[in-house]
Each structure stands twice: as C-alpha cells, then as structure tokens.
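In: after the sequence you'll find the predicted model.
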Amino acid sequence: MDIQGRRSILCPNCRRLISTDETSCPHCGLSRPGSRWRNNLWTGNFFSSHQLIRTIIFINAGMFVLSLIIAPSSTGFSMNPLNFLSPGSRSLLLLGATGRIPIDQFDRWWTLLSASYLHGSILHILFNMMAFSQIAPLIVHEYGASRTLAIYTLSGIGGYVLSYFAGTAVTLGASAAVCGLIGAALYYGRSRGGHFGQLVYRQVSGWVIGLFIFGFLFPGIDNWAHGGGLLTGILAGFVLGYQERQPERLLHKTVGNLCVIATALTLVYAVGTSFLIIFRVGLG
C-alpha cells in the first residue's frame, strides 16, 4: 500500500483516524477535516473530561475565597457553623449575586450566569461541590465534556430565570446548575432504559425527592432555582442527546466552548467591576 506523502489525523468531529488529504471525513462528513482551524480550541474542547470537574470546583472555590477577601460578613468568622466563613452581602452583590434586586434595580442581567459560582458560606459551597462531584462523573461519561459544560451553564441560567420571575430578591449558588446535571441524569436513565438506565433513574429520583424535602424544611433554600435548573437539565439532555445515541459532534463542542467563553467573560467582568467600584469608593 502506497502511503508516501500521506499523514493521518483524528477527525476533529468524530475522532476517527483519517488522512489529512480527505476533502471531507468519510465517517461523519465534516468538511476539510485536515485544515488547521478545524484542530484549534474552538472545535476541540477547552477542557478534557478529567479536567472539567476539577476546573469547575476550583473556579467556585476561587470565587468564594475572593468574596471573603472583598468583604467577610460581621459573623463570617464566628464559631456558628451556619455562619462560619460567610462572605458579606456587599461582596456577593458586587461579584454577581442575582435576583430581582440586582436585575431590576441595577440592570445586572449577566448575574444570571455569575450567580452559579458564588456561595453564601463554607457549608453552602461544601454541600454544593460535594453534590457536584457525585453527579458530574456520570454526566461527563454519558454526555461528554462539551455537553456537560452546556448543561451545567444553561441549567444555572434557567434556574435563576425561573427564580427571578418567581420574585426572589437575591439568590446565588451552584445548586441550580447541579440540579441541571441531575435533570440530565434523569432524562438519560429514563431514555436509555434497561437495567443500568433504570438504576440511574431510581437513584437520581431519590436525590430529587430528598432535595426538595430539604428545600421545604429549611428556610433560605431557593426551590424555584432548583426546579428551574432541574427542568432545564432535562430539556438540555433531550435536545443535546447523550453519547450512546449521538456521539459528540462539532455542534456540541461549539456550544460547550461558547458557554466557557461566556462564563469566563462574565466572571472577569464581575471581578473587574467589583474592584473598580471598591477602588472608587475608597478614593471617595
């Protein structure tokens, strides 16, 4: 077989081995798979599957530490476990807490995205990140990194949109986005069926029941955001599909990377404007 002058690459879309000379991928039909732009970060993934979970946890932790640095609450370092290491409301509003007050009074619509990376106490972030670390590996495995990013981001936004229309004054936390992953797991289990699908569906259904019981028993829980995130996750799982039925494609990667860019720009803007406001107030 004459292979002189021929090189092989993985198709950026379907990840199968093809020649760089192909005008289109013989497996998935992607046009010009060997061109350089097809192999950049836009059509690939900003994060691999094993990096994704760690990165989201690190970003949440980083924003929590920053909120403490900007303005801890007056009870932020008390020994009350419910208040221990709690950021002040000033820092949380500056960094992008969402709800009726930030959106209606200050036109901060971008907080619908930033609020998913802010937390009101050390217990708040620990509970959310523990839940995230439990559900995320399943979603990454069954949906892939790009669709997981899309589900997480869109569910956070969807949850806080519903919370806004329900009249919540101020709200924040990763729980809406985490509920979106739970919703995607519900859809996957129900849709896939079989022994494994039924097992996933039953287990995740138990989480949903426990989540809402917890939300109604304890004050301060944003059940509207949880419900909105859950419904958005189910819808996103249905629209985007999962690996067994639809392998990750260029569209999924593009949507996932758009979510990464939007999140990065929003958080950078939130941090930048926060320090700008603090600097101006300090000078005043």
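Out: Alright, I've got the coordinates.
In: okay, stretch 264-275 in PDB with CA atoms only?
Out: This file holds the C-alpha atoms of stretch 264-275, laid out as PDB (Å, rounded to 0.1, in the frame of the first residue of the first chain):
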ATOM      1  CA  ALA A 264     -15.100  33.500  31.600                       C
ATOM      2  CA  LEU A 265     -16.000  36.900  30.300                       C
ATOM      3  CA  THR A 266     -18.800  37.200  32.800                       C
ATOM      4  CA  LEU A 267     -16.600  36.300  35.800                       C
ATOM      5  CA  VAL A 268     -13.800  38.500  34.600                       C
ATOM      6  CA  TYR A 269     -16.200  41.400  34.200                       C
ATOM      7  CA  ALA A 270     -17.700  40.700  37.700                       C
ATOM      8  CA  VAL A 271     -14.300  40.700  39.400                       C
ATOM      9  CA  GLY A 272     -13.100  43.700  37.400                       C
ATOM     10  CA  THR A 273     -16.100  45.900  38.100                       C
ATOM     11  CA  SER A 274     -16.100  44.800  41.800                       C
ATOM     12  CA  PHE A 275     -12.500  46.100  42.300                       C
END
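In: for it, buried residues please.
Out: T266, L267, A270, V271, S274 (16 or more other Cβ atoms under 10 Å). To be clear about C-beta, it is placed using only N, CA and C from the backbone, and glycine gets the same treatment.
In: show me which of those is closest to R100.
Out: A270 (18.4 Å; Cβ to Cβ).
In: ok so that closest one is a strand residue?
Out: No. Counting by DSSP: H, G, I helix; E, B strand; the rest coil, A270 is not found in a strand; it is helix.
In: pick out the most distant pair among the buried residues of stretch 264-275.
Out: Longest span within those, Cβ to Cβ: T266 and S274, 12.4 Å.
In: just to revisit the earlier point, can I get the buried residues of stretch 264-275 in TSV including distance to G197 and pLDDT?
Out: Formatted as TSV, these follow (distance: Cβ to Cβ, whole Å; pLDDT from 0 to 100):
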residue	distance to G197	pLDDT
T266	35	98
L267	36	98
A270	39	97
V271	42	96
S274	44	93
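In: quickly name whichever of those residues is closest to L93.
Out: Nearest member of the buried residues of stretch 264-275 to L93, counting by Cβ to Cβ, is S274, at 9.2 Å.
In: correct me, but the closest one touches R90?
Out: No. The criterion here is Cβ atoms under 8 Å, and S274 misses it with R90 at 9.7 Å.
In: what do the two both touch?
Out: I70 (Cβ atoms under 8 Å, 6 or more residues apart in numbering).
In: can you map out the helices along the stretch 1-150 of the chain?
Out: With helices called from DSSP state H, counting those that start in this stretch, the stretch 1-150 of the chain shows them at 49-70, 89-95, 100, 106, 111-114, 122-143, 145-165.
In: same check on the stretch 151-284 of the chain?
Out: 175-192, 194-217, 223-240, 250-283.
In: tell me the most buried of those?
Out: helix 175-192 (a mean of 26; mean count of other Cβ atoms under 10 Å).
In: what's it packed up against?
Out: Helix 175-192 sits against helix 122-143, helix 145-165, helix 194-217, helix 223-240, with contacts defined as 3 or more Cβ pairs under 8 Å, 6 or more residues apart in numbering; DSSP states H and E.
In: worst average pLDDT in the ones you listed?
Out: Among these, helix 194-217 carries the lowest mean pLDDT, at a mean of 88.
In: helices and strands around it, which ones?
Out: helix 122-143, helix 175-192, helix 223-240.
In: can you list these in a markdown table and add distance to I59?
Out: Output for these, formatted as a markdown table (distance: least, Cβ to Cβ, whole Å):
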| stretch | distance to I59 |
| --- | --- |
| helix 122-143 | 11 |
| helix 175-192 | 12 |
| helix 223-240 | 18 |
